[in-house]
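Chemist: Provided below for reference: sequence and predicted model.
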Amino acid sequence: MEYDILNEILTSTVSSLFEWKNSEFEEQMRSSLTSLPPPNPGDWVKVEGNQKLEMALRRLRIDRNTTNGRELANKTTEELNTEKKKVKNELKTYDTTFKSLFGRLPKREEKEPMRPLYMYYKKIKQAISKRPAERSNKKLNREETVRKLETLRKERGELKAVLHNFQMEFSQTNQRRIRYHKDILPVENEYKRYKDVKAEIAKLESELSKA
């Protein structure tokens, strides 16, 4: 029993001593780190800059090839805005980290490692800015199609009237309906144009219905 009590006391003492030594070691490490001079900005950019870029690319789930912006055309406007926000946050994180170390925001040359991400951000903004223009062009094209359709419908009506009048006159003169190709020779050009106009109208109406 006495040996058990003695072992317990020794174990407790050793444990306390170890914890104190560990705490003392951690305090010494903190003091040592805080006493170190701050890194040189130029050295930090050379060593840490590319690492910060790679980490940002991983978080964005893109690679350096993606930063050329070719894939942006396949994204919706909503997706582009989301991507823009994410990239902006990564660029801001770099600036914030730099400022926490050196007490100021990085200069232009100190942002050089993040250039691919800055270019990517610029391409996203350009892609977004083009979207309203695309919508305007589509609207303009639709208006042009509508105007053309109105013109064709008017021409169709005029041609239909010409053909109808010819048919009425032919029936009165010949006491029969038009049966043969030779019967329409006087208005053959008008008849061909009427068929072409009808086909073009049908095509434009189909395009408008899909727009």
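Modeler: Structure received.

Chemist: Let me see the contact set for residue 97.
Modeler: Contact analysis of residue 97 by Cβ atoms under 8 Å, 6 or more residues apart in numbering lists residue 52. The way it works is simple: take the backbone N, C-alpha and C, and place the C-beta from them, glycine included.

Chemist: How far away from the center of its chain is the lengthiest helix in the chain?
Modeler: Scanning the chain for the longest helix, with DSSP state H as the assignment, gives helix 115-174. With Cα atoms, centre = their mean, to the nearest Å as the basis, helix 115-174 stands 28 Å off its chain's centre.

Chemist: From the rest of the structure, what touches the following helix or strand past that helix?
Modeler: Once helix 115-174 ends, the next helix or strand along the chain (criterion: DSSP states H and E) is helix 188-210. Contacts to helix 188-210, defined as Cβ under 8 Å, 6+ apart, come from residues 142, 145-146, 148-149, 152-153, 155-156, 159-160, 162-163, 184.

Chemist: mind running it again at 7 Å?
Modeler: 145, 148, 149, 152, 153, 155, 156, 159, 160, 162, 163, 184 (Cβ atoms under 7 Å, 6 or more residues apart in numbering).

Chemist: so which of these is the most crowded?
Modeler: Within the contacts of helix 188-210, residue 159 tops the neighbour count with 21 neighbours, counted by other Cβ atoms under 10 Å.

Chemist: measure that one to residue 193 for me?
Modeler: Distance, residue 159 to residue 193, by Cβ to Cβ, to the nearest Å: 6 Å.
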